[in-house]
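In: Return atomic coordinates for the entry below.
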Amino acid sequence: LQHIEATIAEEAASREELGRRLGRDLVQSQARLQEEKVLREESLAKLEQAVSVQVTSLENTLYRDFKAQEEALMQATAPLQKSLQAEKVAREEEARSVAGKFQSIVAEQQMEREERSRLLRDVNVSLAKLQRMQAEEEDTRNQEHERLGGALESLQEVVRGLRQSGEETRQRSQEVADHLRS
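Out: Numbers count the residues shown, from 1 in each chain. So this is what the prediction gives:
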């Protein structure tokens with residue numbers, strides 16, 4: 001009888017220790033989850049900031065290049081136009097050559113504008129992709145939180161079950177002990 005009581009007491013103590021360990025593990029898991037959430041949010045904020053800086057820098061560079069090329073083109077075309085007017089009668093062939101060069105410059109400028117527009121579209125597409133990825137990351141994070149919340153609830157139910165089972169075992173052993181004493 002004493003051996004049974006000792007075994008039951010050991011089992012109850014073991015279950016209580018298991019309950020305490022599960023509780024500690026649960027608290028540690030929650031702390032790790034919170035740390036992971038904070039790290040992800042910080043990483044996401046840094047990524048957004050880096051993208052914003054890169055977009056701003058690229059826009060500024062493109063704008064400066066565009067203005068410099070526009071000024072260079074304006075400066076290059078003004079003397080050409082005056083020269084064309086002065087030499088029109090005497091040098092019609094040369095005027096056509098200069099006009100061809102002028103058209104070439106304009107075509108290059110148009111190509112550069114189109115290239116800049118394409119680059120801006122690419123930047124906007126990349127930005128949209130990053131925003132989409134951010135939304136997907138948020139969805140994934142929410143799903144993980146829901147899954148971990150479910151797991152946490154399951155662990156809490158197991159702990160409650162272990163406590164209840166331990167209490168029932170203790171009561172039964174107490175009843176058996178009382179019955180054996182009487």
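In: so where is this protein shaky, pLDDT-wise?
Out: Applying pLDDT under 70 to the chain flags residues 84, 88-89, 95.
In: Going along the chain, name the strands of it.
Out: In order along the chain, the chain carries no strands (DSSP state E).
In: which residues of it fall in helices?
Out: 2-87, 92-181 (DSSP state H).
In: can I get those in CSV with mean neighbour count?
Out: Placement of C-beta: from N, CA and C, glycine included. Putting these into CSV (neighbours: other CB atoms under 10 Å) gives the following:
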stretch, mean neighbour count
helix 2-87, 12
helix 92-181, 12
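In: if I look at G161, how far off is K129?
Out: Using CB to CB, to the nearest Å, one gets 47 Å for the distance from G161 to K129.
In: meant to ask about E175
Out: The separation that E175 has from K129, given CB to CB, amounts to 68 Å.
In: Likewise for Q103?
Out: Q103 is 38 Å from K129, by CB to CB.
In: which residues sit in contact with I8?
Out: If you count contacts by CB atoms under 8 Å, 6 or more residues apart in numbering, I8 has them with T169, R170, S173.
In: now do 10 Å
Out: Contact analysis of I8 by CB atoms under 10 Å, 6 or more residues apart in numbering lists G166, T169, R170, R172, S173, Q174, V176, A177.
In: pretty sure S14 contacts G166?
Out: Yes - with contact defined as CB atoms under 10 Å, S14 and G166 form a contacting pair (8.8 Å).
In: Name the nearest residue to L180, ignoring sequence neighbours.
Out: Here the nearest residue to L180 in space, its sequence neighbours aside, is L1; by CB to CB, 6 or more residues apart in numbering that works out to 5.2 Å.
In: whoops, E70 was the one
Out: Q109 (7.7 Å).
In: same question, S173
Out: I8 (3.8 Å).
In: next one: E137
Out: That would be L44: by CB to CB, 6+ apart, it lies 6.8 Å from E137.
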